[in-house]
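Engineer: Have a look at this fold, sequence not included:
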């Protein structure tokens, strides 16, 4: 493979692989924020689901513990902050003929690359009988937005990432006896992703171009429906203790999208040359392995006014070992596919919380949690500076009437400071060759505010 062919290969890999890689708010890219009530105690005991039907997102079996016809409507505002400093980028050492252009120029700090996102939720319950329940939920299950200035020193790694995923899940739950209940849900998932990054057309060296002097932009947009399932069970050995186990199956999504290029201000002959070696609009697809989740929670009624909850959740991010991107429409005639190593790791989420019933109208709650980051330090990118985090949460519920209740929850996430240390070799086959080396420091935090209305017909 020639120099220019290999460079085109690595640049297109950057576009296709990056856009189909998921990015979001909890470990890896999950959005755990699916209930305003449970937001208040850091989602402790949500798999046991004694408080309201919004816990069915994590365990559909909890629906068997509720009666009548109910509806929950909620919204959560996620407000992240990701401040980058001390960023430094260099091009591959293979560019020794251009020593003056080895350093990548541009701003070395960015005040906040993360953008806020509103996550809506809807839950419905219909009781067929005392033991058989039907449910429906609509959730934004994954989502993340980051954006950098066009001249940012790490622009070849990332400019903008916008991922939105919506789940529609009809469910059924059955109470076997006083102690046991089971439930399952069918999940229809829609993903919409947009990613942009700068492309160093000057790095191609044809015709007579110099690195860093002809920057353009690549945009990849992809959408896809995927289908999966959830299942769960609850066990209530005593009137005071309830235990719940929830499971969400892994899902494989074959995302399809389009690649489009914005060319730099260059002569028509140069742009035609860029197109000939593969930089032209076309299509792409990628196989994406999404993880499974297994959660275990308990709710223990300590007294008439106080209950204690706990939760543990394992997310199998280690399934996401690599990302295979396939080029369509003859975008890159010299290659048909490429594989990018991800090597994410499994993560654990632990939380502990409590509910205090002040009177017939008011209940207050609080909780703490730890949440592991899925990305290994050597694979951290500016698209998602994922890192370990600690939750502190508070919330309250108010009973307006027999039919209507209101919930509010707030969490502050203390995110561990992290570093970017991306490197490239002198080989043009290296996926980072066209992006360059990039280092920097991230300081992050996240504020989450959530409100919800529950109505019983």
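Structural biologist: Good, I have the coordinates. Worth saying up front: this structure is predicted, and the values here are computed from it rather than measured.
Engineer: quick one: low-confidence parts of this protein?
Structural biologist: Within the chain, the stretches with pLDDT under 70 are 1-28, 93-100, 204-208, 286, 322-342, 426-429, 431.
Engineer: Tell me where it has helices.
Structural biologist: Counting by DSSP state H, one finds helices in the chain at the ranges 3-20, 36-39, 268-276.
Engineer: And the shortest one, what does it pack against?
Structural biologist: In this case it means helix 36-39. Applying 3 or more C-beta pairs under 8 Å, 6 or more residues apart in numbering; DSSP states H and E, one finds that helix 36-39 contacts strand 70-90, strand 389-399, strand 404-415, strand 437-456. C-betas here are computed from N, CA, C, even on glycine.
Engineer: Figure out how far that helix is from the centre of its chain.
Structural biologist: Centroid displacement of helix 36-39 relative to its chain, using C-alpha atoms, centre = their mean, to the nearest Å, is 19 Å.
Engineer: What are the buried residues along it?
Structural biologist: 36-39 (16 or more other C-beta atoms under 10 Å).
Engineer: and if you look at stretch 241-255?
Structural biologist: Within stretch 241-255, judged by 16+ other C-beta under 10 Å, the buried ones are 242-248, 251, 253, 255.
Engineer: Any chance of the buried residues of helix 36-39 in TSV with distance to residue 192 as columns?
Structural biologist: Formatted as TSV, the buried residues of helix 36-39 follow (distance: C-beta to C-beta, whole Å):
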residue	distance to residue 192
36	25
37	28
38	26
39	25
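Engineer: Would you mind measuring from residue 295 to residue 30?
Structural biologist: For residue 295, the distance to residue 30 (C-beta to C-beta, to the nearest Å) stands at 12 Å.
Engineer: more neighbours, the two?
Structural biologist: Per other C-beta atoms under 10 Å, whichever of residue 295 and residue 30 has more neighbours is residue 30, with 26 against 22.
Engineer: From residue 414, how far off is the more buried one?
Structural biologist: 18 Å.
Engineer: same thing with residue 149?
Structural biologist: 27 Å.
Engineer: what's the answer for residue 315, then?
Structural biologist: Residue 315 is 20 Å from residue 414, by C-beta to C-beta.
Engineer: Among the two, which residue is more densely surrounded?
Structural biologist: Legend: neighbour count by other C-beta under 10 Å for residue 315 and residue 414, higher for residue 315 (27 against 12).
Engineer: Show me what the more buried one bridges to in the sheet.
Structural biologist: residue 293, residue 347 (DSSP bridges).
Engineer: just checking, it touches residue 374?
Structural biologist: Yes - at 7.3 Å, residue 315 and residue 374 qualify as touching, with contact defined as C-beta atoms under 8 Å.
Engineer: ok, the residue nearest to residue 215 when sequence neighbours are not counted - contacts?
Structural biologist: In space, residue 215 comes closest to residue 198 once its chain neighbours are excluded; the distance is 5.1 Å by C-beta to C-beta, 6 or more residues apart in numbering. Counting by C-beta atoms under 8 Å, 6 or more residues apart in numbering, residue 198 makes contact with 150, 155-156, 159, 215-218.
Engineer: Make a markdown table out of those and add neighbour count and distance to residue 54.
Structural biologist: Output for those, formatted as a markdown table (neighbours: other C-beta atoms under 10 Å; distance: C-beta to C-beta, whole Å):
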| residue | neighbour count | distance to residue 54 |
| --- | --- | --- |
| 150 | 13 | 41 |
| 155 | 26 | 40 |
| 156 | 25 | 42 |
| 159 | 23 | 36 |
| 215 | 20 | 46 |
| 216 | 18 | 46 |
| 217 | 18 | 41 |
| 218 | 24 | 40 |
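Engineer: Tell me the one of those nearest residue 275?
Structural biologist: residue 216 (11.6 Å; C-beta to C-beta).
Engineer: and the gap between that closest one and residue 87?
Structural biologist: 21 Å.
Engineer: Near the nearest residue to residue 403 once chain neighbours are set aside, how many residues? Count them for me, please.
Structural biologist: Distances taken as C-beta to C-beta, 6+ apart place residue 456 nearest to residue 403, at 5.1 Å, with adjacent residues excluded. Using other C-beta under 10 Å, residue 456 has 15 neighbouring residues.
Engineer: what do you get for residue 398?
Structural biologist: Counted with other C-beta under 10 Å, the neighbours of residue 398 add up to 12.
Engineer: From residue 263, how far out is it?
Structural biologist: 57 Å.
Engineer: which residue packs closest to residue 118, ignoring adjacent ones?
Structural biologist: residue 77 (5.4 Å).
Engineer: Around the one you found, count how many other residues there are.
Structural biologist: Applying other C-beta under 10 Å, we find 14 residues neighbouring residue 77.
Engineer: which residues sit in contact with it?
Structural biologist: 116-119, 448-450.
Engineer: Turn the helices and strands packed on helix 36-39 into JSON lines, including distance to residue 363.
Structural biologist: Listed next are these as JSON lines, based on distance: least, C-beta to C-beta, whole Å:
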{"stretch": "strand 70-90", "distance to residue 363": "16"}
{"stretch": "strand 389-399", "distance to residue 363": "5"}
{"stretch": "strand 404-415", "distance to residue 363": "9"}
{"stretch": "strand 437-456", "distance to residue 363": "12"}
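Engineer: so which of those gets nearest residue 350?
Structural biologist: Of these, nearest to residue 350 by C-beta to C-beta is strand 389-399, at 9.8 Å.
Engineer: Run the chain-centre distance for that closest one.
Structural biologist: 22 Å.
Engineer: elements contacting that strand?
Structural biologist: helix 36-39, strand 362-371, strand 404-415.
Engineer: Paired strands for the second one, with orientation please.
Structural biologist: Right, strand 362-371. Applying DSSP bridges, one finds strand 362-371 paired with strand 347-357 (antiparallel), strand 389-399 (antiparallel).
Engineer: for the stretch 151-300 of the chain, what spans make up the strands?
Structural biologist: 160-175, 180-200, 215-235, 241-248, 251-262, 282-290, 293-301 (DSSP state E, counting those that start in this stretch).
Engineer: I'd like to know which of the helices and strands packed on helix 36-39 is closest to residue 379.
Structural biologist: Closest among the helices and strands packed on helix 36-39, using C-beta to C-beta: strand 437-456, at 12.3 Å.
Engineer: So what angle separates the directions of that closest one and strand 389-399?
Structural biologist: 20 degrees (axes from the mean of the first three to the mean of the last three C-alpha atoms, to 10 degrees).
Engineer: Tell me the bridge partners for residue 368.
Structural biologist: Applying DSSP bridges, one finds that residue 368 bridges with residue 352, residue 392.
Engineer: Contact partners for it?
Structural biologist: 42, 351-353, 390-393.
Engineer: and what of residue 135?
Structural biologist: With the criterion set at C-beta under 8 Å, 6+ apart, residue 135 makes contact with 53, 56, 60, 63, 123-126, 170-173, 185.
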